[in-house]
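J.: What would the 3D arrangement of this be:
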Amino acid sequence: MTRNLALTLGLALSTLSAAAPGSFTQSTFVLDGNRWQPAAVLCDAPDRVITLSNSGAASIAVYRRFFKANPARVTRTMYSVGAPDGAAGSIYRPLYPLQDGVDTNTYTYYIRTSNVQGTASGETMDRVSLNTPLDGRVSCRWASGVVFLGVTGRRTVIVRASNGRVTYTSRDFDGQGGVTVTGGQHTTGGQEEYTWTTPDGYAYRLAVGGVSGGPGATLTVSRNGKTLGQEGFLAYSVSRPARGQP
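T.: The predicted model follows:
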């Protein structure tokens, strides 16, 4: 069976899925050492985080994965990515392990992205699921209205925007839960920022994008003006209005 390896994974997620007309574009990045790389997939599963990004060679992807119990231990596996197959609002792309003796006539490994942009709540992201020989079938975190989803070495951070309401939610890797704060503010400029404050003096600031305009994201938590902690992200996806949209 001849593989059709026409996909180059050097671009953002919006190239992996069909964009909804007049809606939003999604970009995904993963930190590789000290450099940010465009990624095709960020999957936040209950016990692990998986990304699929460009390897530097056409049609060859880097599959990175770490367990939330040990974020410092990252495994890397290489896959060939086949031609897309659309069905019922989803796009399937087969994954081929880079090894001899694989029967491509009976492969079951894939990436699936379901286009759910342009819902009544406005910005949102594609729903992603995976099936790989390393992790089996994996469903990834998704919720309507998500405009940012990122992971640090300690937690998942989700930002939702609906009807002018901006909500921050975190899910800690240690199983201790997290926090939810509503009433956030969103500002754009050289660096995109989301900010929230609580009645008891806590403040959450999410900066998306580097000061120079490149990729990057940082979460800062303070109370009554005193910084309690700052965390850089290991990977994130962000949804923004498509060019020419309000």
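J.: what is residue 180 paired to in the beta sheet?
T.: According to DSSP bridges, the residues that bridge with residue 180 are residue 169.
J.: pLDDT score for it?
T.: On the pLDDT scale, residue 180 is placed at 95.
J.: For it, give me its contacts.
T.: By C-beta atoms under 8 Å, 6 or more residues apart in numbering, residue 180 lies in contact with 167-170. For every residue, glycine as well, the C-beta is placed using N, CA and C.
J.: for the chain, which spans come out with low pLDDT?
T.: 1-23, 99-107, 115-124, 190, 211-213, 242-246 (pLDDT under 70).
J.: try 50 this time
T.: Scanning the chain for pLDDT under 50 picks out 1-22, 120, 244-246.
J.: rewinding a little: which of the contacts of residue 180 tops the neighbour count?
T.: residue 168 (23 neighbours; other C-beta atoms under 10 Å).
J.: What are the neighbouring residues in contact with that residue?
T.: 157-159, 179-182, 184, 194, 196, 204, 206.
J.: let's see 10 Å
T.: Going by C-beta atoms under 10 Å, 6 or more residues apart in numbering, residue 168 touches 148, 157-160, 178-184, 194-196, 204-206, 219.
J.: Any of those residues buried? List them.
T.: Neighbour counting with 16 or more other C-beta atoms under 10 Å marks 148, 157-160, 181, 184, 194-196, 204-206, 219 as buried within the contacts of residue 168.
J.: Going by distance to residue 230, which of the residues you listed wins?
T.: For the buried ones among the contacts of residue 168, the minimum distance to residue 230 (C-beta to C-beta) is 7.0 Å, reached by residue 219.
J.: which residues does that closest one bridge with?
T.: With DSSP bridges as the rule, residue 219 is bridged to residue 206, residue 231.
J.: follow-up on the earlier one: quick check, nearest of the contacts of residue 180 to residue 153?
T.: For the contacts of residue 180, the nearest to residue 153 is residue 170 (13.0 Å; C-beta to C-beta).
J.: Ramachandran coordinates for the residue lying closest to the closest one once chain neighbours are set aside?
T.: Closest residue to residue 170 apart from its sequence neighbours, by C-beta to C-beta, 6 or more residues apart in numbering: residue 178 at 3.8 Å. Here is the backbone geometry of residue 178 (degrees, to the nearest 10): phi 180, psi -160.
J.: my guess is residue 178 contacts residue 157, does it?
T.: Yes: assessed by C-beta atoms under 10 Å, residue 178 is found in contact with residue 157 at 8.8 Å.
J.: intersection of neighbour lists for these two?
T.: Counting by C-beta under 10 Å, 6+ apart, the contacts common to residue 178 and residue 157 are 168-171.
J.: Widest-spaced pair of these?
T.: Every pair of the shared contacts of residue 178 and residue 157 checked by C-beta to C-beta; the farthest is 168 and 171, at 11.4 Å.
J.: any residues in contact with both of the two?
T.: 157-158, 178-180.
J.: Using TSV, please lay out the contacts of residue 180 together with distance to residue 111.
T.: As requested, the contacts of residue 180 are exported to TSV (distance: C-beta to C-beta, whole Å):
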residue	distance to residue 111
167	28
168	28
169	25
170	26
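J.: from these, which is closest to residue 108?
T.: Once C-beta to C-beta is applied, the member of the contacts of residue 180 that ends up nearest residue 108 is residue 169, at 33.4 Å.
J.: I appreciate the help and will end here.
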